[in-house]
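quick one: sequence and predicted model below, then my questions.
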Amino acid sequence: MPDIALPITPTAPGRKGHANAAVKVWDLPTRLFHWLLAATVLLAFVSAEEGTGLAPWHVAAGWVAAILIGFRMIWGFIGGQHARFRNFIRPGAVGDHVAGLLHGRVEPSLGHNPLGGLATLVLLATVTAVVWSGASLIGGTGSEDLHEGLAGGLLALVGLHVAAVVVMSVLSRENLVRAMVTGVKPRARHPGAVDAAPAAGLAAPAAALAIIAGAYAVQQVDSGAFVPGSHAEAGETEDADHD
Ligand code: HEM
Ligand code: HEM
C-alpha cells in the first residue's frame, strides 16, 4: 500500500469557522504579568544607584515585583492551561530536550519547552530572593552585599533568558516575543494544536483579590512602600547637606 500522508488538521481549507490560523497559548493575565514583571525589575535595576533621578522609585518598583510574583504563584495553579505549573514543570523531559537540541532537533512547543519551564522557575525564584533580601534591608536585618549579589545574579539570568528567547525564536522559526505579546501562535507551526483551556471561572476575581491582599500586606510591612522617595537609605539623595 502506498504510504501517502495526508494532512488531517483543523486547518484544512474550506472549513470556515473552524480553521482559525492562530492557536491561543498565553492568557492575558500571564502576558500582563510577564511584561509588568520585566518593567518593574528593569526599573529596580536602573533605579538602584544612589543619588540618581530614578532612585526614589527603587523600593516601590521592587515591592510591585513582589506582588506580581505572589500573583504568579497563584496563577500557576488556577490560570490558563500553559500558565499552570503542572503543565510546564517536566524535569524528566529536560534531558531529551537538550539532547535533541544538541543534535539539531527543535520540537515546536506550544507552551514553555522543558528548558523554558525550568528557566521560568529559576527566574521566579531569583526575583523572589532579590525582593526578600531588599525587603530585609528595609526591616534592618538584611545585608546590602547579599542584595546586590543576588541582583547581579538576576541580571545575568535575565541576559541569558533574553538570549535564549532570541536563539529559540530563530531555531524554531517562531517569534516567541510576539506570542508573549499577542497570546497566540500560528497554527501552521503547530498542526492539530488546540486552543489553551482558559483559566477557571473564578480565577480572575480570586487573583485580583490576592493582588489587593498582597498590596495591603506590603503596606503593613512598609508603610512607605508605594511612596517614591520615602526610604532615604534606598538609594535616594539624602537631605541636601552633602554639597
Ligand atoms: C527585583 C527587584 C530588585 C532589584 C533588581 C534590586 C537591585 C538593587 C541593587 C543592584 C542595589 C545596589 C545599588 C548600589 O549599587 O548601591 C539595590 C540597593 C537597594 N535595594 Fe534593591 N533591588 C530590588 C528590590 C528591592 C526591594 C523590594 C527593596 C525593599 C523593599 C529594595 C531595597 C533596596 C535598598 C534599601 C537598597 C540600598 C542599599 C544601600 O545602598 O543602602 N530593593 N537594589
Ligand atoms: C527583567 C526582565 C525579565 C524577567 C524577570 C522575565 C521573566 C520571565 C518569566 C518568569 C517568564 C515565564 C512566563 C510565565 O510563565 O509566567 C518569561 C517568559 C518569557 N519572556 Fe521574559 N523576562 C524578562 C524580560 C524579557 C524580555 C526583555 C523579553 C523579550 C525579548 C522576554 C521574553 C520572554 C518570552 C518570549 C517568554 C516566553 C518564553 C517561552 O515561549 O517559553 N522576557 N520571562
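Received it, and whenever you're ready, just let me know what you need. Bear in mind that the values here come from a model prediction, so they are computed numbers and not experimental data. Ligands and ions are numbered 1, 2, ... in the order given.

and the residue nearest the centre of the chain, what is it in contact with?
Centroid-nearest residue in the chain: H34, 4.0 Å away (criterion: CA atoms, centre = their mean). By CB atoms under 8 Å, 6 or more residues apart in numbering, the contact list for H34 reads M180. For the C-beta atoms, the positions are set from N, CA and C on the backbone; glycine is no exception.

wondering if the helix or strand containing it reaches ligand 1 at all.
Per DSSP states H and E: H34 is located in helix 28-46. Yes - figure legend: helix 28-46 in contact with ligand 1 (CB under 6 Å from any ligand atom); contacting residues 41, 44-45.

what about whichever helix or strand comes after that helix, distance to the chain center?
Counting by DSSP H and E, the element after helix 28-46 in chain order, helix or strand, is helix 58-78. Between the centre of helix 58-78 and the centre of its chain there are 10 Å (CA atoms, centre = their mean, to the nearest Å).

now the angle from helix 58-78 to helix 28-46?
Regarding helix 58-78 and helix 28-46, their directions subtend 150 degrees when assessed with axes from the mean of the first three to the mean of the last three CA atoms, to 10 degrees.

by neighbours, which of the residues of helix 28-46 next to ligand 1 wins?
Within those, A44 tops the neighbour count with 25 neighbours, counted by other CB atoms under 10 Å.

before we move on, the earlier item: quick check: buried residues in the helix holding H34?
Of all the residues in helix 28-46, those buried under the rule 16 or more other CB atoms under 10 Å are 29-31, 33-34, 37-38, 40-41, 43-45.

next, count neighbours for the closest residue to R90 other than its chain neighbours.
Beyond its immediate neighbours in the sequence, the residue positioned closest to R90 (CB to CB, 6 or more residues apart in numbering) is P114, lying 5.0 Å away. Summarising burial for P114: neighbours were counted as other CB under 10 Å, giving 21.

ditto for the one 5 residues further on
Burial of A119 is recorded as 17 neighbouring residues (other CB under 10 Å).

for A225, see how far away the residue nearest to the centre of the chain is.
Using CB to CB, to the nearest Å, we find H34 at a distance of 22 Å from A225.

try A129
Look at A129 and A225: by CB to CB, they are 19 Å apart.

alongside ligand 1, which residues does this structure contribute?
Neighbours of ligand 1 within the chain, by CB under 6 Å from any ligand atom: 41, 44-45, 48-50, 58-59, 62-63, 65-66, 127, 130-131, 134-135, 137-138, 144, 147-148, 151, 154, 231, 233-235.

nearest to A196, of the buried residues of helix 28-46?
For A196, the nearest member of the buried residues of helix 28-46 is T30. The distance, counting by CB to CB, is 9.8 Å.

thanks a lot, see you next time.
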